[in-house]
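# quick one: sequence and predicted model below, then my questions.
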Amino acid sequence: MGKPTGFLEYTRKEPGYRPREERIRDFRAVECQLSHREIQVQAARCMDCGTPFCHATGCPLSNLIPEFNDFMYRGKWRRALDLLLSTNNFPEFTGRVCPALCEAACVAGINDDPVTIRQIELAVIEKGFESDYLRPSPPPRRHGSRVAVVGAGPAGLAAADTLNRAGYPVVVFDEAPRPGGILRYGIPDFKLEKWVVERRIRMMEQEGVVFETGVRVGEDISYRYLKSRFDALCLACGARRPRDLPVPGRDLQGIHFAMDYLVQQNRRMGGETFDASGEIWAAGKRVVIIGGGDTGSDCLGTAIRQGAERVVQLEILPKPPLRRSEHTPWPRWPYMLRESHAHKEGGEVWWSVMTKSFLGSEGRVTGLRCVEVEWDRDPEGALKGPMEKPGTEFDLEADLVLLAMGFTGPEENSMFDGLGIERDQRGNVKVGPLNMTNVPGIFAAGDMTLGQSLVVRAIADGRKAAGGIRAYLKDIGG
């Protein structure tokens, strides 16, 4: 433990954001970063707990948080980096977009502010790149078995990187023009600038990973083709089937899925072309976002930057409490109000509101008919409802509606069905303890198996699938 009294002497310091008036004019990263000295002070707040809940119950990757905090406080950046990379393939991603489950489980957070673990993690990996500690390092020898990964999002990249470092030749297939999946196409630049993704992709290529983009497995290439060239297959295609809102007026023009909107903006930022007739643009429009999660927040920030006249975000759930709810005691992920930087940039958030129908004129959406709802809780604290509140119906004007209500599972793929890959009741791919499906040699990872989840969980599941693939290849003599 670097400084036994650090948590008593120092207070938590947030990095903050660029000024609102500045950041809403561009799509560059909004979050600032602490200086190296400030990071070392923040690392001194770690209590080196006997049972580090940040590691044990908080972090899906089981990062060795007290240990790398200790190295950070003592200025041993290289050792902190090596320790971090032993459990996390891509700290530069999680350090920017992870909601910091570890901080919710930090022991210091019981009666004080938790340690700034996410910021420390980001500082460690960026110091690694800045100091040239991180260089392409291809494996010293290669196995004869080859692995194909379908999907270049966080789970697929983690599986590919882990297998490649173990010496297995890996080819990653993805239908998009460039690798990165949701990291490149779903998350806006103001949260994750794409040079960060490209930097990691370049390193993986230099270490031997091959990326084949613009290829849809099951249509452009068949399973027979893959089976003839690879000894194992990892499916990491995400859960990209969006949840719809089948109410009257849904067929009106101007109603879009949130991810279509975000992907289009990211393609625009990346210089990619798309059919202009299908352009979704918020400038000068009254925008309504249905859904109060991270995707809805990303739409809010994007619409503000595009010059929307007004942005309203609707959430059917009740407004959470300002502080941790008694129903989610430490070290559980707390149920409480969270506001992203986008909520501080403009727009409005309305809670406990349900959309009953869309209103339109001449085939285009002009508004929504909504109603307020109320919720009850069962004895365990779970929400029950919603129930409409009589006499609370109202109309809300809108020129553009974005549906950000989450996802229901993986997209359909004829290859998966043709092979008889089993799915669970929610449509997710079923896997065993080592992430292998019911078809020998075919594995799955990320949101395809977990359902809609976090980038950090996808990375952890990709690593787990890579371990299963290694075990399988050894069993078959590969």
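Ah, there it is.

# just give the closest residue to Glu92, not the sequence neighbours.
Ile125 (4.8 Å; Cβ to Cβ, 6 or more residues apart in numbering). Using the backbone N, CA and C atoms, a C-beta is placed for each residue, glycine as well.

# ugh, typo on my part, it should be Glu315
That would be Gly292: by Cβ to Cβ, 6+ apart, it lies 3.1 Å from Glu315.

# contacts only, for the residue nearest to Glu92.
Residues near Ile125 by Cβ atoms under 8 Å, 6 or more residues apart in numbering: Leu81, Leu84, Pro91, Glu92, Gly95, Leu134.

# ok, now how distant is it from Val429?
31 Å (Cβ to Cβ, to the nearest Å).

# likewise for Asp26?
39 Å.

# who has more neighbours out of the two?
Between Asp26 and Val429, Val429 has the larger neighbour count (other Cβ atoms under 10 Å), namely 26 against 12.

# quick one, grab the pLDDT at Arg324.
As predicted, Arg324 sits at a pLDDT of 90.

# same check on the one 10 residues further on?
Among the per-residue scores, Pro334 holds a pLDDT of 92.

# which of the helices or strands spans it?
Using DSSP states H and E, Pro334 maps to neither a helix nor a strand.

# what about the closest residue to it other than its chain neighbours, neighbour count?
Once flanking residues are discounted, Pro334 sits nearest to Arg324: 3.9 Å by Cβ to Cβ, 6+ apart. A total of 17 residues lie near Arg324 under the criterion other Cβ under 10 Å.

# what does Val107 show for phi and psi?
phi -60, psi -30 (degrees, to the nearest 10).

# burial count for the residue lying closest to Ser414 once chain neighbours are set aside?
Residue nearest to Ser414 in three dimensions, not counting chain neighbours: Gly218, with 5.2 Å by Cβ to Cβ, 6+ apart. Counted by other Cβ under 10 Å, the residues lying close to Gly218 total 19.

# shouldn't Gly218 be in contact with Phe416?
Yes - between Gly218 and Phe416 there is a contact under Cβ atoms under 8 Å: 7.3 Å.

# please tell me how far Pro169 sits from Met204.
As judged by Cβ to Cβ, Pro169 and Met204 stand 13 Å apart.

# those two: which is more packed in?
Taking other Cβ under 10 Å, Pro169 and Met204 do not tie; Met204 has more neighbours (24 against 19).

# average pLDDT for the lengthiest helix in the chain?
Identified as the longest helix of the chain according to DSSP state H is helix 455-475. On average, the pLDDT along helix 455-475 is 97.

# restricting to C-alpha, output it in CSV.
Extracted in CSV, the C-alpha atoms of helix 455-475 (Å, rounded to 0.1, in the frame of the first residue of the first chain):
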residue,chain,number,x,y,z
VAL,A,455,-18.3,-2.8,-23.6
VAL,A,456,-16.3,-4.1,-20.6
ARG,A,457,-18.5,-7.2,-20.3
ALA,A,458,-18.1,-7.9,-24.0
ILE,A,459,-14.3,-7.7,-23.7
ALA,A,460,-14.4,-10.0,-20.7
ASP,A,461,-16.6,-12.5,-22.5
GLY,A,462,-14.4,-12.3,-25.6
ARG,A,463,-11.4,-13.3,-23.4
LYS,A,464,-13.4,-16.1,-21.9
ALA,A,465,-14.3,-17.4,-25.4
ALA,A,466,-10.7,-17.3,-26.4
GLY,A,467,-9.8,-19.4,-23.4
GLY,A,468,-12.5,-21.9,-24.5
ILE,A,469,-11.1,-22.0,-28.0
ARG,A,470,-7.6,-22.6,-26.8
ALA,A,471,-8.8,-25.5,-24.7
TYR,A,472,-10.8,-27.0,-27.6
LEU,A,473,-7.9,-26.7,-30.0
LYS,A,474,-5.6,-28.5,-27.5
ASP,A,475,-8.2,-31.2,-27.1
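
# can you give me the buried ones in it?
Neighbour-count burial for helix 455-475, counted by 16 or more other Cβ atoms under 10 Å, picks out 455-470, 472-473.

# and Asn164, backbone torsions?
phi -60, psi -40.

# hmm, it is touching Gly208, no?
Yes - here Asn164 reaches Gly208: they are 5.5 Å apart, a contact under Cβ under 8 Å.

# shared neighbours of the two, anything?
What both Asn164 and Gly208 touch, as defined by Cβ under 8 Å, 6+ apart, is the set Pro139, Val170.

# those two: who's more crowded?
In this view Asn164 and Gly208 are compared by other Cβ under 10 Å, and Asn164 has more residues nearby, 23 against 17.

# what sits against the more buried one?
So Asn164 contacts Pro139, Val170, Met204, Glu207, Gly208, Val209 (Cβ under 8 Å, 6+ apart).

# could you pull out the strands in the stretch 101-250 of the chain for me?
147-150, 170-174, 210-213, 232-235, 241-242 (DSSP state E, counting those that start in this stretch).

# out of those, which gets nearest to Gly446?
Smallest distance to Gly446 across those (Cβ to Cβ): 8.8 Å, for strand 232-235.

# list the helices and strands that closest one packs on?
Under the contact criterion of 3 or more Cβ pairs under 8 Å, 6 or more residues apart in numbering; DSSP states H and E, strand 232-235 touches strand 147-150, helix 154-165, helix 223-229, strand 442-444, helix 455-475.

# name the nearest of the contacts of Asn164 relative to Asn266.
Met204 (20.1 Å).

# where is the longest strand in this structure?
Using DSSP state E, we find that the single longest strand of the chain is strand 364-377.

# surely the residue nearest to Pro334 meets Trp333?
No - if you go by Cβ under 8 Å, Arg324 and Trp333 don't touch, sitting 9.7 Å apart.

# hang on, the earlier thing: of the helices and strands packed on strand 232-235, which is nearest Gly347?
helix 455-475 (24.1 Å).

# relative to strand 170-174, how tilted is the closest one?
130 degrees (axes from the mean of the first three to the mean of the last three Cα atoms, to 10 degrees).

# which strands or helices does helix 455-475 pack on?
Going by 3+ Cβ pairs under 8 Å, 6+ apart, helix 455-475 lies up against helix 91-97, helix 154-165, strand 232-235, strand 442-444, helix 447-450.

# next, format these as CSV and append mean pLDDT.
Formatted as CSV, those follow (pLDDT from 0 to 100):
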stretch, mean pLDDT
helix 91-97, 98
helix 154-165, 98
strand 232-235, 98
strand 442-444, 98
helix 447-450, 96
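
# much appreciated, bye for now.
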